[in-house]
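J.: sequence? don't have it. structure:
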């Protein structure tokens, strides 16, 4: 009897209509629940592709050879004594751009020659800039004091300048002419004049400086 009464109530209009109307309301959370995982999966895929793209870009940057010729990338360097040096402001002057670090052994080998030749040629308009790479300011200043560095030097914040010049490590030096281009040609050993990878022998450094200063 209870079963029969229940069946009658489900076939007498309103109760049946109520039951029928309730179905979509009960089903709605289920559809939303099904949509949420789809959105989450889509977000994961988008983020994954974004990270993959960044990784690929970084890998290509690392694989790219350092600059050897052409226009020198523009940059801005804040020195350890608070000055701001912009390459654009140095147009008309020859520039030696040296990437170094206090923890770099070969940098110690070339530091005396850089300072000596800076003192020798600065009155002829030569500019020497030191770009401190992945270092601490405290250690960098100790290095500068140890080698008596008096030419402008500052930290490469975020390795921005290093990335622009596509350096492969430190030390690495670039020779920029008065018209803002890397020094053209090659030396007797076949190295490009525009950059020098590794510790610079004093003779090679001076030969490039003389070319920069040539009329």
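T.: Right, received. Where do you want to start? Values in this document were obtained by computation on a predicted structure and should not be read as measured data.
J.: can you list the domains in this protein?
T.: 2-63, 76-213 (automatic domain parsing).
J.: Comparing these by mean pLDDT, which bottoms out?
T.: Lowest mean pLDDT within those: domain 2-63, at a mean of 46.
J.: Residues in contact with the host helix or strand of residue 110: which ones?
T.: Assigned by DSSP states H and E, residue 110 belongs to helix 105-121. Contacting residues not belonging to helix 105-121 are listed as 96, 98, 100-101, 126, 128, 130, 143, 147-151, 170-171, 198-202, 205-206, 209, 213 [C-beta atoms under 8 Å, 6 or more residues apart in numbering]. From N, CA and C alone the C-beta is placed, and that goes for glycine too.
J.: can you tell me which of those residues are in helices?
T.: If you go by DSSP state H, the contacts of helix 105-121 have 143, 202, 205, 206, 209, 213 in helices.
J.: check contacts around the third one.
T.: Going back to what we said before, that points to residue 205. Taking C-beta under 8 Å, 6+ apart, we find residue 205 in contact with 96, 110, 113, 114, 117, 173, 196.
J.: And for the fourth one?
T.: Residue 206 makes contacts with residue 117, as judged by C-beta under 8 Å, 6+ apart.
J.: same thing with residue 198?
T.: Residues near residue 198 by C-beta under 8 Å, 6+ apart: 106, 171, 172.
J.: Quick check: the gap between the first one and residue 83.
T.: When distances are taken as C-beta to C-beta, to the nearest Å, residue 106 and residue 83 turn out to be 27 Å apart.
J.: Between the two, tell me which one has more neighbours.
T.: Set residue 106 next to residue 83 and count neighbours by other C-beta atoms under 10 Å: residue 106 wins out with 15 against 10.
J.: right, and residue 199 touches residue 170 too?
T.: No. Between residue 199 and residue 170 there is no contact under C-beta atoms under 8 Å: 9.7 Å.
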